[in-house]
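Peer 1: Below are the sequence and a predicted model; questions follow.
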Amino acid sequence: MVYDNIVLIGFMGSGKTSVGKVLSRQLFKKFMDVDSIIEAEQKSSVREIFEKKGEKYFRTLEQKCINTLTKKTGQVIATGGGLPIYSSLSAKSLVIYIDADFDVILNRLPAKERNKRPLLENEERARALFVERIPIYKEKAHFSVDANQSVATYKHMILDYILDKRVL
Ligand code: S3P
């Protein structure tokens, strides 16, 4: 099967955007970031959307955004951590799970990045969300990569998977 797009999934702060930018350059594909697209379209930050319109509204924006994006081809798409939980993904997307441990994520995220994410505010709740979501990420992914290491190291594993299997 040859896929239209690469879709990166994984928990908040796992590194989807960072590795997505690197992969898109190396594969000569366009990079798209769902959260950034929503923020630009809404002229509002994710945090503001959550506060003013609520999470449910944000989830409808995510589904619309991924539907629109996956009508096109040749992109590396970074999703928000909740997107694969609440939205369906196109069968023509090659889904890669950026799999980092909760504590690694927390230690890696600077306070500024943590503050952008309303669902990371309460550490205990965020940890429970993490545990709840892992099986869903694993089930939706064609390939999981251990992201408890530097992007420079694990990007090769993703590139090898894509190139060896000729899935793109
Ligand atoms: C969310 C993840 C965030 C953002 C929003 C909700 C989630 O994106 O979409 O704060 O539900 O996991 P990142 O995964 O880029 O942090």
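Peer 2: Arrived safely.
Peer 1: Quick check: end-to-end length of stretch 72-89?
Peer 2: 13 Å (CA to CA, to the nearest Å).
Peer 1: ok, and what's touching that stretch?
Peer 2: Defining contact as CB atoms under 8 Å, 6 or more residues apart in numbering, one finds that stretch 72-89 is touched by 4-14, 16-17, 20, 23-24, 27, 29-35, 46, 59, 62-63, 66, 69-70, 93, 95, 119, 133, 136-137, 140. Using the backbone N, CA and C atoms, a C-beta is placed for each residue, glycine as well.
Peer 1: same check, this time on stretch 117-130
Peer 2: 11-13, 46-47, 50-51, 81-82, 102, 106, 109, 114.
Peer 1: What about the contacts of stretch 72-89, which are in strands?
Peer 2: 5-9, 30-33, 93, 95 (DSSP state E).
Peer 1: Adding neighbour count, pLDDT and distance to the ligand, write these out as TSV.
Peer 2: Formatted as TSV, these follow (neighbours: other CB atoms under 10 Å; pLDDT from 0 to 100; distance: CB to the nearest ligand atom, whole Å):
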residue	neighbour count	pLDDT	distance to the ligand
Asn5	24	97	17
Ile6	26	97	16
Val7	30	98	13
Leu8	27	98	10
Ile9	29	98	9
Lys30	14	98	18
Phe31	18	98	14
Met32	21	98	13
Asp33	19	98	8
Ser93	21	97	17
Val95	23	98	15
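Peer 1: Please pick the buried ones from the contacts of stretch 117-130.
Peer 2: Among these, those classed as buried by 16 or more other CB atoms under 10 Å are 11-13, 46, 50, 81-82, 102, 109, 114.
Peer 1: when you check the ligand, which of the residues you listed turn up near it?
Peer 2: Applying CB under 6 Å from any ligand atom to those, one finds that 12-13, 46, 81-82 fall near the ligand.
Peer 1: Check which helix or strand Ile49 maps to.
Peer 2: helix 46-53 (DSSP states H and E).
Peer 1: need the residues of the protein near the ligand, please.
Peer 2: 12-13, 35, 46, 80-82, 117-119.
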